[in-house]
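Engineer: sequence plus the predicted model coming up.
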Amino acid sequence: MFIARANRQRGFTLLEIIIAVAILATMALAIYRFVQSNLVAIRASSGAIAADARYEGLREVLTVQWQSLPSGKGALLGDAFKLEDRTRDANGDYVVSLRLQSEKNSDRLDLGLLRKARNDSVTTDVEESWIPLIENVRSLQIRYFDAQVNVWKDSWPDPSRLPHLVKLTIGRFEAGAPWEAVIPITRNPFKP
């Protein structure tokens, strides 16, 4: 009888198999939740990185354009930009404006650039183009720093000179705090 027990092969009991499956299921669930939370974090951070890139791109475009403005009457309106005396898709002179525009069939606003023909008498939809930069804008504030009186102003009353700094504040519904950038207009904003 002792010899018969030694030759018999021992297998797993049902209880041992159930415990092993439960441990594997718990580990699989933990790994799934870990991967899922990391994917959510990656999506959120990539959205934040894309939003930061749009804001930084806007800041860089405005910095370059505003620093190239000449002093004098109407300087804040800017000059037409031409590359080698022509533009790629348009003939003639165009005015590009930074503006808020409502989305189609929505009450949401987008901040973008609108290009229109300088001659308003023949303006058609073909001669206009809209480039959205920042979507779903809740608020936009542009303020100008006057170094002579050391104060921020809501409008710039003196067309004969440029402000030293421009502060751009953009609030979005998805963002908790508004984005803000202070852009120097003159190369040295501390020099009068």
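Structural biologist: Alright, I've got the coordinates. Numbering: from 1, shown residues only.
Engineer: buried ones in stretch 17-37?
Structural biologist: Going by neighbour count (16 or more other CB atoms under 10 Å), nothing in stretch 17-37 comes out as buried. Placement of C-beta: from N, CA and C, glycine included.
Engineer: mind listing the helices for the chain?
Structural biologist: Secondary structure of the chain (DSSP state H): helices located at 2-7, 14-67.
Engineer: what's the least confident stretch among those?
Structural biologist: Note on these: helix 2-7 shows the lowest mean pLDDT, a mean of 54.
Engineer: before we move on, back to that, who wins for proximity to residue 137 among the helices of the chain?
Structural biologist: helix 14-67 (11.4 Å; CB to CB).
Engineer: turn the helices of the chain into TSV, columns for distance to residue 159.
Structural biologist: Output for the helices of the chain, formatted as TSV (distance: least, CB to CB, whole Å):
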stretch	distance to residue 159
helix 2-7	106
helix 14-67	15
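Engineer: now for these, which one comes closest to residue 99?
Structural biologist: Per CB to CB, nearest to residue 99 of the helices of the chain: helix 14-67, 12.9 Å.
Engineer: and that closest one, what other elements does it pack with?
Structural biologist: Applying 3 or more CB pairs under 8 Å, 6 or more residues apart in numbering; DSSP states H and E, one finds that helix 14-67 makes contact with strand 129-134, strand 165-172, strand 179-184.
Engineer: ok, back up a step: please identify which of the helices of the chain is closest to residue 112.
Structural biologist: Short answer: helix 14-67, nearest of the helices of the chain by CB to CB, at 9.7 Å.
Engineer: what angle do strand 179-184 and the closest one make with each other?
Structural biologist: Inter-element angle recorded for helix 14-67 and strand 179-184: 30 degrees (by axes from the mean of the first three to the mean of the last three CA atoms, to 10 degrees).
Engineer: let's have the chain start at 354 instead
Structural biologist: All set: I'll call the first residue 354, so the last point we hit is now helix 367-420.
Engineer: what angle do helix 367-420 and strand 518-525 make?
Structural biologist: Angle between the axes of helix 367-420 and strand 518-525 is 150 degrees (criterion: the same axes, to 10 degrees).
Engineer: and helix 367-420, how far from the chain's centre?
Structural biologist: Centroid separation for helix 367-420 versus its chain: 19 Å, with CA atoms, centre = their mean, to the nearest Å.
Engineer: repeat for stretch 453-467
Structural biologist: 15 Å.
Engineer: among the helices and strands packed on helix 367-420, show me which one is buried the most.
Structural biologist: Comparing the helices and strands packed on helix 367-420 by mean neighbour count (mean count of other CB atoms under 10 Å), strand 518-525 ranks first with a mean of 18.
Engineer: sorry, back to before: which of the helices of the chain sits closest to residue 528?
Structural biologist: helix 367-420 (7.6 Å).
Engineer: now that closest one against strand 482-487, angle please.
Structural biologist: Using the same axes, to 10 degrees: helix 367-420 against strand 482-487 is 120 degrees.
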